[in-house]
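> quick one, structure for this:
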Amino acid sequence: MSILVWSIIILLFIASFAGFIFPIVPSVLVLWAGFGLYYVGINREELSVLFWIGMVIFTILMFLADFLANSYFVKKYGGSKWGEWTAVIAIIAGSFIIPPFGILIVPFFAVLVVELLILRNVKQAFFVAYATLIAFLSGTLAKIIIQLIMIGWFLAEAIL
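Numbering: from 1, shown residues only. Predicted coordinates for the structure are as follows:
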């Protein structure tokens, strides 16, 4: 039974990384499903209170990673709030239009068009569009690192 549960946990952890390519997949929820399955299906006492507190903190950091990266880079290059929101919507839409490259291409061009309409300056609109691309990649890298830390911590608690 525990081999089956561990297999499902591993599959959930692998599936949690799909959210970085397809933002509609709730990566952190899939990751938490793996933690919960271990708790319910294998051992209720193995995972410490410190582990659960750490996972909540890391989960909050994962949600903040995109927001902070996007806000930082768009503001740095003089973008508007409309550009920020366009990037968020375009990332989701792009994941369906031409996956997995749509999450890079669609936001870039969508933000470029929005910022051209607002700023009427091609050079600055291009830099803001470029900034949203850098923000997305930076936020994604941060989330991947955080998620790997979470999985590593879980494995350390569960196996060691």
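
> from the contact counts, what lies against the helix or strand of the chain with the lowest mean pLDDT?
One helix or strand of the chain scores below all others by mean pLDDT, DSSP states H and E: helix 81-97, with a mean of 86. Contact here means 3 or more Cβ pairs under 8 Å, 6 or more residues apart in numbering; DSSP states H and E; on that basis helix 81-97 packs against helix 49-76, helix 102-119, helix 122-159. All C-beta spots, glycine's among them, are computed from the backbone N, C-alpha and C.

> tell me how far the second one lies from the chain's centre.
By that I understand helix 102-119. 20 Å (Cα atoms, centre = their mean, to the nearest Å).

> tell me what that helix is packed against?
helix 81-97, helix 122-159.

> quick one: that helix to helix 49-76, angle?
If you take axes from the mean of the first three to the mean of the last three Cα atoms, to 10 degrees, helix 102-119 sits at 40 degrees to helix 49-76.

> how about helix 102-119 as CSV, C-alpha atoms only?
Provided in CSV are the C-alpha atoms of helix 102-119 (Å, rounded to 0.1, in the frame of the first residue of the first chain):
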residue,chain,number,x,y,z
GLY,A,102,2.6,31.1,-25.6
ILE,A,103,3.3,32.0,-22.0
LEU,A,104,6.3,34.0,-23.3
ILE,A,105,5.2,35.3,-26.7
VAL,A,106,1.5,36.3,-26.0
PRO,A,107,2.3,38.4,-22.9
PHE,A,108,5.2,40.1,-24.7
PHE,A,109,3.1,41.2,-27.7
ALA,A,110,0.0,42.0,-25.6
VAL,A,111,1.9,44.3,-23.2
LEU,A,112,3.7,45.9,-26.2
VAL,A,113,0.3,46.8,-27.8
VAL,A,114,-1.2,48.0,-24.5
GLU,A,115,1.9,50.1,-23.6
LEU,A,116,2.0,51.5,-27.2
LEU,A,117,-1.6,52.7,-26.8
ILE,A,118,-0.8,54.2,-23.4
LEU,A,119,2.7,55.5,-23.8
